[in-house]
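Peer 1: build me a model:
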Amino acid sequence: MDRDDVVETLNDLIENCKDGEYGFRTCAEHAKSANLKTVFTERAGQCRTAAEELQTLVTRFGGTPDSTGTVSGAAHRGWVAVRGALALDDDQAMLNECERGEDIAINRYRKALEEALPPEVEQMVRRQFEGTRRNHDQIKALRDSHKTTA
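Peer 2: Below is the predicted model:
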């Protein structure tokens, strides 16, 4: 895998992280539950940190790090805001959307790990992938428990 391919893969993951950051931040703004506001805010911060780590690697590989999310991510963030507003800021709807977003993130990390990444890049991507899986599982558990209490 040449440097340009590494940079492209990393920038794809940066877009993914930015999408997650914006999505979680939007959910935190609309959530009714103080607990969910905290969880969503923490997840947004983790996504921001992951993007910053990836941006550092892109620079190290001689590329220009992406600083924005994707078009589909913008649509995702818009959907979260619209859905939250239409559902009177329904926490269950936001948890469902966050889980969907985490499903997308997991798939993007899996795709990146299928590439022949340099060892230092693979190590970071794998660590972030595991964090994304843990986040997904937590969001899913919150979604499932929220269903039973709603």
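
Peer 1: quick one, helices of the protein?
Peer 2: Counting by DSSP state H, residue ranges of the helices within the chain are 3-30, 34-60, 71-86, 91-113, 119-149.

Peer 1: lowest average confidence across the ones you listed, which one?
Peer 2: Ranked by mean pLDDT, the helices of the chain end with helix 71-86 at the bottom, a mean of 57.

Peer 1: switch the helices of the chain over to JSON lines; also include mean neighbour count.
Peer 2: No exception for glycine: its C-beta is placed from N, CA and C like everyone else's. Listed next are the helices of the chain as JSON lines, based on neighbours: other CB atoms under 10 Å:
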{"stretch": "helix 3-30", "mean neighbour count": "22"}
{"stretch": "helix 34-60", "mean neighbour count": "18"}
{"stretch": "helix 71-86", "mean neighbour count": "16"}
{"stretch": "helix 91-113", "mean neighbour count": "19"}
{"stretch": "helix 119-149", "mean neighbour count": "15"}
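
Peer 1: and the gap between the most centrally placed residue in the chain and residue 57?
Peer 2: Nearest residue to the geometric centre of the chain (CA atoms, centre = their mean): residue 20, 2.9 Å. From residue 20 across to residue 57, the span is 18 Å (CB to CB, to the nearest Å).

Peer 1: same question for residue 37.
Peer 2: In terms of CB to CB, residue 37 sits 31 Å off from residue 57.

Peer 1: who touches the residue lying closest to residue 103 once chain neighbours are set aside in this structure?
Peer 2: Distances taken as CB to CB, 6 or more residues apart in numbering put residue 136 closest to residue 103, at 6.9 Å, once the chain neighbours are dropped. Residues in contact with residue 136 (CB atoms under 8 Å, 6 or more residues apart in numbering) are 99, 102-103, 105-106.

Peer 1: ok, those vs residue 15, which is closest?
Peer 2: Distance ranking of those against residue 15, using CB to CB, places residue 105 first at 10.5 Å.
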